[in-house]
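Asks: Could you look at this predicted model? Sequence included:
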Amino acid sequence: MHPVSARHVVILSLILLLLHLLHNLRIWLVPHANHQSGLLHVEKDDIWGLNFQGTAIPDVVDEVEEWQGVDKLGEWGLCPPGSFRLATMETCTPWLGCKEISDDVTVQTKIAQGAVKKIYKATWRGHTLAYSNLSNTAYLQDFLHGVEMLWNMQQTSHIVQLVGSCNTTLLTEYYRLGSAFHIKAILDRTSSDVRTRFNVAMSYIEAIHFLHNSPVGTRVMCDSYNLLHALSQFLVTEDLRLVLNDLDDIPEVNPEENVFVKCKRKHIKSPFNAPEQRWPFENEPFEDSRMPPYDEKIDIWKIPLVVRHLLGKVNGSDVVSSHLFQVHQRCRKRDPKQRPSATVVLKEYKRIRNMLFPE
């Protein structure tokens, strides 16, 4: 056996180091591609103090496009990070930035307005979009938070698709059927089939599950203080699914870090809200400083009421409700620790779907 020289040892070590670096680079690129779309290019602005740039950091997007191809669809038919594809498009296109929005987008009629933003119907190269603008500068941080959440949550079909952004302008996919605030009328008009209604309810559960297991931590639907307002946070797709549209008020909870939330910071009385959201000292005036915080289990409490509304009173809805009774009973436990997680609820819904509506 020939002795190994110091030169050979150095060469071998360099080769092993190079292989290790290449392997780590590949690992870094693939999972981080799902998060880089959430990075915001922020610059100083004389008016707002912040200037949202409507495109992801260029070198990150270029690497992602090189890895997967910007015109190719990834898993679940979704575009790679930093790009979008509308139903009327054949290929994926990079998110629109300030120049593209200014040059190519035509704003048409106003279709909705809330405290945070005004929403208009708009067109871009023949495609219809939803064009949102900040309504009130007092809600600037809420608006920017909603945009940031959209950036971070694009790799799922449960969140409205981001098309582009620039400063206090946001472009998203347009849904003809509009807000789920009108879901009862939409379902009464389009379908009396209990299977379709159950699938609508499933899409709601899936969206809640995604929020509770999102890439940016466990998020809570704070802007859901009554049934119709909770549904107004969603849009209805052509195939009658619910996709979460309003991400302005979805704070993070993290029990391990002792991070909890208090929604609305006012005296909440409606039984639609979880018991822990209501003032616990009946004979004393409300004081926000004394109000205990809570976690994502407030979303679980509301599931039975939302689903009952979605199922309606059509043929077969009573049968479905009877099968959902046990899991819904657990969702309505007064002690939030006794309520199931969104993962457990979704698993039970899938079991019931496979039993009642086999493919």
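Replies: Arrived safely.
Asks: end to end, how far does stretch 207-217 reach?
Replies: Using CA to CA, to the nearest Å, the end-to-end distance of stretch 207-217 comes out at 14 Å.
Asks: can you check stretch 306-320 too?
Replies: One end of stretch 306-320 sits 14 Å from the other (CA to CA).
Asks: didn't Arg308 look like it was pressed against Ser321?
Replies: Yes. Assessed by CB atoms under 8 Å, Arg308 is found in contact with Ser321 at 7.1 Å. Every C-beta, even on glycine, is put in place using the N, C-alpha and C of the backbone.
Asks: Could I get the buried residue list for stretch 307-321?
Replies: Val307, Arg308, His309, Leu310, Leu311, Val314, Gly316, Ser317, Val320, Ser321 (16 or more other CB atoms under 10 Å).
Asks: If you could redo that for stretch 152-160, that was the one I meant.
Replies: Buried residues in stretch 152-160 (16+ other CB under 10 Å): Asn152, Met153, Gln154, Gln155, Thr156, His158, Ile159, Val160.
Asks: Tabulate those in TSV, adding columns for secondary structure.
Replies: As requested, the buried residues of stretch 152-160 are exported to TSV (DSSP: H, G, I helix; E, B strand; the rest coil):
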residue	secondary structure
Asn152	helix
Met153	coil
Gln154	coil
Gln155	coil
Thr156	coil
His158	coil
Ile159	strand
Val160	coil
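Asks: Pick the one among those closest to Cys92.
Replies: The nearest member of the buried residues of stretch 152-160 to Cys92, counting by CB to CB, is Gln154 at 11.6 Å.
Asks: just for this structure, where's the confidence low?
Replies: In the predicted model, the chain carries pLDDT under 70 at residues 1-77.
Asks: Now, the buried residues of stretch 307-321 that are in helices?
Replies: Per DSSP state H, helices hold the following members of those: Val307, Arg308, His309, Leu310, Leu311, Ser317, Val320, Ser321.
Asks: from the residues you listed, which two are the most distant?
Replies: His309 and Val320 (13.3 Å).
Asks: Would you map the strands across the chain?
Replies: 42-43, 51-52, 83-84, 93-94, 105-113, 117-124, 127-134, 162-166, 169-173, 218-219, 234-236, 242-244, 252-253 (DSSP state E).
Asks: TSV please, covering those and showing distance to Val344.
Replies: Output for those, formatted as TSV (distance: least, CB to CB, whole Å):
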stretch	distance to Val344
strand 42-43	39
strand 51-52	38
strand 83-84	33
strand 93-94	39
strand 105-113	35
strand 117-124	35
strand 127-134	34
strand 162-166	30
strand 169-173	31
strand 218-219	15
strand 234-236	22
strand 242-244	20
strand 252-253	17
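Asks: Turn those strands into CSV, including distance to Gln329 and mean neighbour count.
Replies: Below are the strands of the chain laid out as CSV (distance: least, CB to CB, whole Å; neighbours: other CB atoms under 10 Å):
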stretch, distance to Gln329, mean neighbour count
strand 42-43, 47, 10
strand 51-52, 45, 20
strand 83-84, 41, 24
strand 93-94, 47, 20
strand 105-113, 36, 13
strand 117-124, 38, 18
strand 127-134, 38, 21
strand 162-166, 38, 24
strand 169-173, 37, 23
strand 218-219, 24, 22
strand 234-236, 25, 24
strand 242-244, 23, 24
strand 252-253, 24, 18
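Asks: closest one to Arg278 among those?
Replies: Closest among those, using CB to CB: strand 252-253, at 18.1 Å.
Asks: Summarise which helices and strands the closest one is packed against.
Replies: strand 218-219 (3 or more CB pairs under 8 Å, 6 or more residues apart in numbering; DSSP states H and E).
Asks: contacting residues around the strand it packs on?
Replies: In this structure, residues lying in contact with strand 218-219 by CB atoms under 8 Å, 6 or more residues apart in numbering are Met149, Leu211, His212, Ile250, Pro251, Glu252, Val253, Asn254, Asp295, Glu296.
Asks: gap between it and the chain center?
Replies: The chain centre lies 10 Å from the centre of strand 218-219; the measure is CA atoms, centre = their mean, to the nearest Å.
Asks: what do you get for stretch 323-332?
Replies: Computed by CA atoms, centre = their mean, the chain-centroid distance of stretch 323-332 equals 25 Å.
Asks: Just the buried positions in that stretch, please.
Replies: Going by neighbour count (16+ other CB under 10 Å), the buried part of stretch 323-332 is His323, Leu324, Val327, His328, Arg330, Cys331, Arg332.
Asks: Excluding chain neighbours, what is closest to the fourth one?
Replies: For His328, the nearest residue in space outside its immediate sequence neighbours is Pro304; the separation is 3.9 Å by CB to CB, 6 or more residues apart in numbering.
Asks: looking at it, the one you found is touching Arg330, isn't it?
Replies: No. Judged on CB under 8 Å, Pro304 makes no contact with Arg330 at a distance of 9.7 Å.
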